[in-house]
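I need the structure of the sequence given here:
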Amino acid sequence: MEEIKLNDQELVRRSKAKELRELGIDPYGARYDRKATSQDLKDKYSDFSKEELQEMHVITSVAGRIMSLRRKGKVAFMHIQDKFGQIQAYVRQDVLGEEPYEIFKKADIGDICGVEGEVIKTDTGELTVKATVYTHLSKALRPLPEKFHGLQDKEEARRHRYVDLIMNEESKKNAFLRPRIIRSIQRFFDERGFVEVETPVLQPILGGAAAKPFITHHNTLDKDFYLRIATELSLKKLIVGGMERVYEIGRLFRNEGMDSMHNPEFTTVEAYQAYSDIDGMMELAESLIKHVANDVLGKTTVNNHDIEINLGEPFKKIHMADAVKDATGIDFKKITDVNEALDLASKHEIKVQNHEKTVGHILNLFFEKYVEETLIQPTFVFGHPIEISPLAKKNRQDPRYTDRFELFIAGHEYANAFSELNDPIDQRERFEKQLAEKELGNDEANEMDTDFLEALEYGMAPTGGIGIGIDRLVMLLGEIESIRDAILFPQMKDVGKKKEVKKVVENTEEVIDFSNVEVEPLFESFVDFETFSKSDFRVVKVLDCVAVEKSKKLLKFTLNDGTDSPRVILSGIHTFYEPEQLLGKTLVAITNLPPRPMMGIESCGMLLSAVHHENGEEKLHLMMLDNHIPAGAKLY
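Down below sits the predicted model:
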């Protein structure tokens, strides 16, 4: 069994949990009936003055996580965080009583508690609950990241989303934004008479999109299944069955690359409407995005990489071949010879795979290279070649193309829709061509779905269908740069990948401006080496840190200096640090200075700090070392 290695602060917290049990308090609590949230109190009482609240004598109870804690003797202030934000609590021993205050003294930042008391305003005007009852609810055995730094490493934040949500207001905002967008999408479809349905995740046939699948095995049936890459074929079977308007919001799984716009597991909404077509789907897509933006944001403009995207204006429309002609001067509508298309691809350094040696495929390759990333404002690109659209109806005017569109915003695809192919004979031929492509090396090609063909043979009404990426829509409306921050628990690469770590560090390196910094001049007089060598510099670990009563500057440190006896050192750095920030830290101290009484407490040594002035203001940084260095290690 693997041994659990705990740092000093984790040991202290476990010790406090044990002490709570000895006091008859369950460290992990029980049900707590709170009367208000932080938002309730702010909404109801923020506009009242201190004197008005005193007259009102409002008693309430709140609950949440302790995010800051400042003790001064028998008085303490702390901020409690719930899902809506933070509220301050004011705790006094003479109000709580000695025994309850002893329980409160076991509290650490990160613990969850309940506070009952009177709603007041402090002299600084902050809305506060003055505690009459303190209830411990859950002990945090791990410390939260530092107050001012949080989880700065994006990769770490995504791996530990629960901590990210505690520390990062932006992450919490995004977490609540996503379900609001999904509810808005549901309301939009429901109000148009669509029915929300669920279809199987495990599929025996690969179809509905061009993508590499995940494969799993069903033990009872002794059969391999795909995790679905689309919901399309199942939903169209429901149109055959007469449900007429259906939609599904669900997870899809594609065994492909990961980047800022792609995650192997993602969410889409697919919708199918009988008696509609590509034009109906264009209207639906544009109306849906405008509706969700207004409903969730109250506006139709968003910022994407410092460019304003206007979702309120009519969306542009352009044929794929025309878009390529505008960008390159090449008119693919006039090209019918594949050799001519291949020659053009070679001249433009476009690599063509064996299964892509058709005019339609090459047109799409030109579009991807020259057009896609230039489509910033919402644009419907229609007229996709038949070779890349096996489930869409042929265009009546030019059967080389299909009645299909993709919606592009900020250079990326947000929706894919078409007039659904409902001719079972044509559909069979398309599937056969997909199988031929698979033989040529296209491992994303569709398979022959005979059950779907049988459904079409019963007759499917002319139908419009659409798929919209919800993760990307959340990114767009939330102004989120990576899909991994629009998903609560994205797939992540292994921690041990050194190159990935290096890349993140290089991309996020902070540029520090020292132009306004002033430092003390170097001493001109020399210290004799023998005298200096007698100073004992040691590594120390912070076991406990509290504010010294009746002092605005002093912090009292209880330190592990590698001996059996804890060392107490006082340091006047409270202006720069709160005690809870320093718990568990590894510091440097001079340990052989004579004891010095300060505020009635003997200080045995001195902690080392770096001091400078910046824009005329004093700055101080306590010297902190790697936690891997043991207490008592001597510095030379």
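
And F514, its phi and psi?
phi -100, psi 10 (degrees, to the nearest 10).

cool, and G117?
Torsion angles, degrees, to the nearest 10, at G117: phi 170, psi -170.

show me what contacts it?
59-61, 89-90, 129-133 (C-beta atoms under 8 Å, 6 or more residues apart in numbering). To be clear about C-beta, it is placed using only N, CA and C from the backbone, and glycine gets the same treatment.

Can you pull out the low-pLDDT segments for the chain?
Where the chain drops to pLDDT under 70, the residues are 1-2, 147-152, 495-511.

center of it - which residue?
Central residue of the chain (C-alpha atoms, centre = their mean): D485, 3.1 Å from the mean position.

The residue nearest to that one when sequence neighbours are not counted: neighbour count?
Residue nearest to D485 in three dimensions, not counting chain neighbours: N174, with 6.2 Å by C-beta to C-beta, 6 or more residues apart in numbering. Using other C-beta atoms under 10 Å, N174 has 21 neighbouring residues.

N174: which element?
Under the criterion of DSSP states H and E, N174 resides in helix 169-191.

where's that helix relative to the chain centroid, distance-wise?
Taking C-alpha atoms, centre = their mean, to the nearest Å, the mean C-alpha location of helix 169-191 is offset from the chain mean by 15 Å.

right, and the helix or strand after that helix?
Taking DSSP H and E, what comes next after helix 169-191 is strand 195-196.

Check what contacts that following strand and list those residues.
186, 189-190, 243, 245-249.

Stretch 276-283 now?
Residues contacting stretch 276-283 (C-beta under 8 Å, 6+ apart): 273, 284, 315, 317, 380, 382, 403-405, 417-419, 462-466.

what do you get for stretch 558-574?
With C-beta under 8 Å, 6+ apart, stretch 558-574 has contacts from 8, 538-545, 547-548, 551-557, 587, 589, 591, 598-599, 601-607, 609, 620, 622, 630-633.

Out of those residues, name the ones that lie in helices.
Using DSSP state H, D8 are the members of those that sit in helices.

Tell me the buried residues within the contacts of stretch 558-574.
For the contacts of stretch 558-574, a burial check counting by 16 or more other C-beta atoms under 10 Å picks out 8, 538-545, 547-548, 551, 554-557, 587, 589, 591, 598, 601, 603-607, 609, 622, 631.

mind listing which of the residues you listed are in strands?
538-545, 547, 555-557, 587, 589, 598, 601, 603, 606-607, 609, 622 (DSSP state E).

For the stretch 51-200 of the chain, which segments are assigned as helices?
For the stretch 51-200 of the chain, applying DSSP state H, counting those that start in this stretch gives helices covering 93-96, 98-104, 154-159, 161-167, 169-191.

Going by neighbour count, list what's buried in the first one.
When you say that, I think you mean helix 93-96. 93, 95-96.

How about stretch 181-198?
Within stretch 181-198, judged by 16+ other C-beta under 10 Å, the buried ones are 181-182, 184-185, 188-189, 194, 197.

try stretch 270-281
For stretch 270-281, by 16+ other C-beta under 10 Å, it's 270-274, 276-278, 280-281.

Alpha carbons of that stretch, in PDB - could you do that?
Extracted as PDB, the C-alpha positions of stretch 270-281 are listed here (Å, rounded to 0.1, in the frame of the first residue of the first chain):
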ATOM      1  CA  GLU A 270     -29.000  18.000 -33.500                       C
ATOM      2  CA  ALA A 271     -32.500  18.900 -34.800                       C
ATOM      3  CA  TYR A 272     -34.600  17.500 -37.700                       C
ATOM      4  CA  GLN A 273     -37.700  19.100 -39.100                       C
ATOM      5  CA  ALA A 274     -40.000  17.400 -41.600                       C
ATOM      6  CA  TYR A 275     -41.200  19.500 -44.500                       C
ATOM      7  CA  SER A 276     -38.200  21.800 -44.200                       C
ATOM      8  CA  ASP A 277     -34.900  22.200 -46.100                       C
ATOM      9  CA  ILE A 278     -31.600  24.000 -46.200                       C
ATOM     10  CA  ASP A 279     -33.200  27.400 -46.200                       C
ATOM     11  CA  GLY A 280     -35.400  26.500 -43.200                       C
ATOM     12  CA  MET A 281     -32.300  25.400 -41.400                       C
END
